[in-house]
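> One predicted model, sequence on top.
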Amino acid sequence: MTAAAPEVVVHPGADVLAAAVAARLVASLTDAQAARGSASVVLTGGGVGTSVLAALERSPARDAIDWGRLDVWWGDERFLPSGDPERNETGAREALLDRVPLDPARVHPMPATDGPDGDDVDKAAARYAAELRGSDGLVPSFDVLLLGIGPDAHVASLFPGNAALGDEGVVTAVRDSPKPPPTRISLTFPVLRAAREVWVLAAGAGKAEAVGRSLSGADPAEAPAAGARGRHRTLFLLDAAAAAEVPRS
Ligand SMILES: O=C1O[C@H](COP(=O)(O)O)[C@@H](O)[C@H](O)[C@H]1O
């Protein structure tokens, strides 16, 4: 599988970053719908990811997207009851998803602890893997996969040194996350890398070191964002503070 070398785009501040990523999403998803009939996006939780969805909700251009022909997936989820404010799904619904005419059958949240598998995170992860594989057994080739990045360079819920990093399956159950809550569900590296485009989003000085390491050849076991690459394109979309340690080359 090909892996596109990262390109870096820097915006002056977090608000401009969110608006610019929202505009990019409109263009990419409408292009995908024109080319293939439908589009797919993988959402991230976290500060910038949610700001991007809010910016998209505010944008008049949002209705260039045919919402009924968009598949929405998540890159990771905090394994909590549905509606919990800490769930990535809850933030995404509040910011955008409940305000646009999506086809509910094409919105694919990761399971919650009050779902059919209860608090069995392994079964919940296997359920999401089966949903991703669908009837043809193939994981979708996502058009755009959004990732936040933590100060420790984690992406999705793949944390440095965590056992889930080495999972070569489709969806992994994460235990002992250093960031609460400890139990999570995440797409694995092979699935992140199957996306056409991977966009890593970061704002603020607290992300600068993680971004710098991820673009300087760090081992993905130590800086997971260094291993997040799209097949056609990898973009690091940053504000100026988060870009402070991007290597010159
Ligand atoms: O816990 C998580 O954190 C990361 C980064 O979030 P941020 O608020 O520091 O930007 C996020 O990408 C991930 O989806 C989420 O579960």
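Received, thanks.
> Which helix or strand lies directly C-terminal to the longest helix belonging to the chain?
Ranked by residue count under DSSP state H, the longest helix found in the chain is helix 14-36. Beyond helix 14-36 in the direction of the C-terminus, DSSP states H and E gives the next helix or strand as strand 39-43.
> same for that following strand, what does it pack against?
For strand 39-43, the helices and strands in contact under the criterion 3 or more C-beta pairs under 8 Å, 6 or more residues apart in numbering; DSSP states H and E are helix 14-36, strand 70-74, strand 144-148. For the C-beta atoms, the positions are set from N, CA and C on the backbone; glycine is no exception.
> The last one: what's the following helix or strand?
Helices and strands here follow DSSP H and E; after strand 144-148, the next one along the chain is strand 171-174.
> Looks to me like Asp176 is in a strand.
No - when the secondary structure is assigned by DSSP: H, G, I helix; E, B strand; the rest coil, Asp176 falls in coil instead of a strand.
> name the element the residue lying closest to it once chain neighbours are set aside belongs to?
Spatial nearest neighbour of Asp176, chain neighbours left out: Pro182 (5.6 Å); criterion: C-beta to C-beta, 6 or more residues apart in numbering. Following DSSP H and E, there is no helix or strand that holds Pro182.
> since we're on Pro182, how many residues are nearby?
Per other C-beta atoms under 10 Å, the neighbour tally for Pro182 reads 12.
> doesn't Ala164 make contact with it?
No - Pro182 sits out of contact with Ala164 when judged by C-beta atoms under 8 Å, with a separation of 11.9 Å.
> send the alpha carbons of stretch 148-165 over as CSV?
C-alpha atoms of stretch 148-165 as CSV (Å, rounded to 0.1, in the frame of the first residue of the first chain):
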residue,chain,number,x,y,z
GLY,A,148,-6.4,15.1,16.2
ILE,A,149,-3.0,14.7,17.8
GLY,A,150,-2.3,14.6,21.5
PRO,A,151,0.7,16.3,23.2
ASP,A,152,2.1,12.7,23.4
ALA,A,153,1.6,12.4,19.6
HIS,A,154,-1.3,9.9,19.9
VAL,A,155,-3.7,9.8,17.1
ALA,A,156,-7.2,8.2,17.3
SER,A,157,-6.8,6.2,20.5
LEU,A,158,-3.4,4.8,19.5
PHE,A,159,-1.2,5.9,22.4
PRO,A,160,2.6,5.6,22.6
GLY,A,161,3.7,2.3,24.0
ASN,A,162,0.1,0.9,24.3
ALA,A,163,-0.5,-2.7,23.3
ALA,A,164,-3.3,-1.6,20.8
LEU,A,165,-0.6,0.0,18.6
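> Nothing else from me, thank you.
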